[in-house]
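Asker: Coordinates for the following, if possible.
(chains A and B)
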Amino acid sequence: MSIQATLSADSQVLTISVKGRFDFGAHQDFRNAYERSGLTPQRYVVDLHETDYIDSSALGMLLLLRDHAGGDTAQISIVHCNPDVRKVLSISNFEQLFSIK
Amino acid sequence: MILGRLVERLGHQVYLVENGRLAVEQFAERRPDIVLLDALMPVMDGFAAARLIKQQAGEDLVPIIFLTSLTETDALVQCLEAGGDDFLTKPYNPVILDAKISAFRRMREMHQTLQAQRDVIAAQHASLVQDQELAKIIFDRVAHTGALSHSSLRYLQSAYAMFNGDILLAANRPSGEMHLLLGDFTGHGLSAAIGAMPLAEVFYAMTAKGFSLRDILIELNDKLAMILPVGIFCCAVLIEINPGKGLVEVWNGGLPEVIILGQTAELMRSIPSTHLPLGVANKQRFNPDPVVMVMRPGERLLCWTDGVIESRNHAGELFGDAGVHEVLDAYIGHPGRVFDGLLDSLERFHGSPEDDVSLLQVVMPGPTERQPAPRATAPPTRAQDWALSYTYRAVSIREQNPLPFLLTRLLEIPGLRPQAGALFTVLSELYSNALEHGLLQLDSAWKRDSDGFALYYHERGERLRHLVSGWITITLNHSPTPDGGMLQIECEDSGSGFDPACASADYAGRGLALVAALAQEVEVDGVGSRVRVVFSW
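Answerer: Next up, the predicted model:
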């Protein structure tokens, strides 16, 4: 598991990529990725193209990010999910809270 | 002697003894920080003394430096084997001696710090484990109670699954329907136990008061959203089994699909999760509408938590939905064996009994298998004499179900309490008749097949949401009789009525037929917008 955060050149979009298993072990790193001081992006992208597994605590972490980014006004897209990951997200109906592509 | 003075001059306090035995005795008495031992001494040599001193020191680090003129490797090895930490060869070099003593002092300090930290961690760990155990005891008691012993239910909840935040609740509504909740909290131990409390409390209290699944869902979601921190939530399936009407309601928020099997165990329907888990969405976003379906006696409903589909074998492969459906296909024609078959297959797949599984099966009972309402043993007290009337207008009809309130009122009368089930059934039949046929103008004829049912309940939800006018009045008239009492319930609505003649058709009239069976007198006025029921005991 490794987590990488990159800010777009205009500082508007923060992309967080998760590699490997996205579970409780990623908790601190995932939080650090968006809580670093001084970051005020308009939009967030969670890139899961190298994520092979996601569990319910990761869903909780996504909710924490959503809360951090403004709750109902948050603009967060979750992109490049493999079918297994996608399934976990849709069982919990996270399409209603995130834009999943 | 020379050595003693040398060490003293370096600033340390020195106790001198002549042989190994005295060294051991002095050690016990003075507990020095470091021991310098000659290998060869009278009475007891250095090797034996070192062993005894190390034994006494126990976990404490007491460095032993051997002083020796021996230079053969064998002898030096012997020093180390006896527990010596280092040696110093004669003649003594004060600089090296000082360096060694300082080095061992640092090592000793480090050892003490480590020991202290270890003790703190061990103490904290012990209290953490104790907290977790307490949480588990509480969680187990909360998560595993209610009417689970009912003959129509079978379930398995492994110990590990329970600690992982799986929860299974069952309770009966006063009117005989059964409510079930299978849930899976994110997080485990303490956080799951904290969420389970209000969940169970709300579920039991509201079910006992006769609230509908929808009302309970709204309250559960509200309560969990309020108390649980963001990121902790509860995936859940809520079910209402209504044997009297042959209906089942299912709401699935975040759990694997719920399966309904026919009388020969053929797959009839699966209900995937279409809602956000409990505790995630705010009031505006939360959708509490369950799916309503016809379920005949002998048909069965199966649901499970993700421990089942996420079970892995030794090769790391997932059991998955495919695994479940393979098993279900294999048991077509053997409905009684599906539950055990599923468990067996999981165990064979996993290699050992899967320990993170919650599995529930409900077989629809026949209408006659309804649990009889408990009878009071004490003779009823004399009834009071009063009447009251409530009128509910569109806005309150849209937003709340008045029945639990009315029932609570009625149950305050001691003589009526044993009749709670029958009373609630009568009240709710009258109210839904008035609402569905009077105000919402729904046609019972739709309810002839299962597609019709779905349409009926979909329309009911839609029309109710958009209801802007109309009213329902419920009048309760209560009077004493020589042996008990009499309650007259009158329900009138502003709608144009329905044709009571067609109410005798088999589907549409079930509500009124039920009322007629429970009450002493039922009277429907010409257009069907006013019904009067007499209930006595």
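Asker: can we go C-alpha only for contacts and neighbour counts from here?
Answerer: Will do.
Asker: In three-state terms, label residue B:487 for me.
Answerer: Put simply, residue B:487 is strand when judged by DSSP: H, G, I helix; E, B strand; the rest coil.
Asker: I'd like to know how many residues surround it.
Answerer: When counting by other Cα atoms under 10 Å in any protein chain shown, one arrives at 23 neighbours for residue B:487.
Asker: cool, residue B:6 as well?
Answerer: 17.
Asker: got the contact list for it?
Answerer: residue B:94 (Cα atoms under 8 Å, 6 or more residues apart in numbering or on different chains).
Asker: Now do the same contact list for residue 24.
Answerer: Just so you know, I chose chain A. By Cα under 8 Å, 6+ apart, the neighbours of residue A:24 are A:57-58.
Asker: switch to chain B, that's the one I care about
Answerer: For residue B:24, counting by Cα under 8 Å, 6+ apart, the contacting residues are B:49, B:52-53.
Asker: Can you list which of the residues you listed are found in strands?
Answerer: Counting by DSSP state E, the contacts of residue B:24 place none of their members in strands.
Asker: If we only consider those residues, which is nearest to residue A:86?
Answerer: residue B:53 (65.0 Å; Cα to Cα).
Asker: isn't residue B:44 right next to residue B:21, touching?
Answerer: Yes. Judged on Cα atoms under 8 Å, residue B:44 makes contact with residue B:21 at a distance of 5.5 Å.
Asker: Can you spell out the domain ranges of chain B, please?
Answerer: B:2-115, B:144-369, B:386-536 (automatic domain parsing).
Asker: Burial-wise, tell me which of the ones you listed comes out on top.
Answerer: Ranked by mean neighbour count under mean count of other Cα atoms under 10 Å in any protein chain shown, the domains of chain B are led by domain B:144-369, which reaches a mean of 20.
Asker: How about the residues of chain A by chain B?
Answerer: Residues of chain A found near chain B (Cα under 8 Å from any Cα of the partner chain) are A:56-57, A:59-64, A:67, A:91-94, A:96.
Asker: could you redo the last one with a cut-off of 6 Å?
Answerer: A:56, A:60-61, A:63-64, A:91-93 (Cα under 6 Å from any Cα of the partner chain).
Asker: can you map out the helices along chain A?
Answerer: A:27-35, A:56-68, A:83-91 (DSSP state H).
Asker: Compare those and give me the one nearest residue B:142.
Answerer: When the helices of chain A are compared (using Cα to Cα), the closest one is helix A:56-68, at 22.1 Å.
Asker: what is the rounded mean pLDDT of the closest one?
Answerer: Computed over helix A:56-68, the mean pLDDT rounds to 88.
Asker: what does stretch B:362-380 give?
Answerer: pLDDT averaged over stretch B:362-380 gives 60.
Asker: Pull the distance from stretch A:30-41 to the chain's centre.
Answerer: 12 Å (Cα atoms, centre = their mean, to the nearest Å).
Asker: Okay, buried residues for it please.
Answerer: A:30-31, A:33-34, A:41 (16 or more other Cα atoms under 10 Å in any protein chain shown).
Asker: any idea which of the helices of chain A is most buried?
Answerer: helix A:56-68 (a mean of 20).
Asker: residues from the stretch 51-200 of chain B in reach of chain A?
Answerer: residue B:186.
Asker: Under the pLDDT cut-off, which ranges of the chain? List them.
Answerer: I'll assume chain A. Applying pLDDT under 70 to chain A flags the ranges A:1, A:37.
Asker: meant chain B actually
Answerer: B:1, B:70, B:143-145, B:159-163, B:187-191, B:353-355, B:368-383, B:498-510.
Asker: State the pair within the residues of chain A next to chain B that is farthest apart.
Answerer: A:64 and A:91 (18.7 Å).
Asker: Nearest to chain B among the buried residues of stretch A:30-41?
Answerer: Nearest to chain B out of the buried residues of stretch A:30-41 is residue A:31 (Cα to the nearest Cα; 12.0 Å).
Asker: do you know how far the closest one is from residue A:61?
Answerer: From residue A:31 across to residue A:61, the span is 8 Å (Cα to Cα, to the nearest Å).
Asker: For the closest residue to chain B within chain A, list the residues it contacts.
Answerer: Nearest to chain B, among the residues of chain A, is residue A:60, at 3.5 Å (Cα to the nearest Cα). Residues in contact with residue A:60 (Cα atoms under 6 Å, 6 or more residues apart in numbering or on different chains) are B:231-232.
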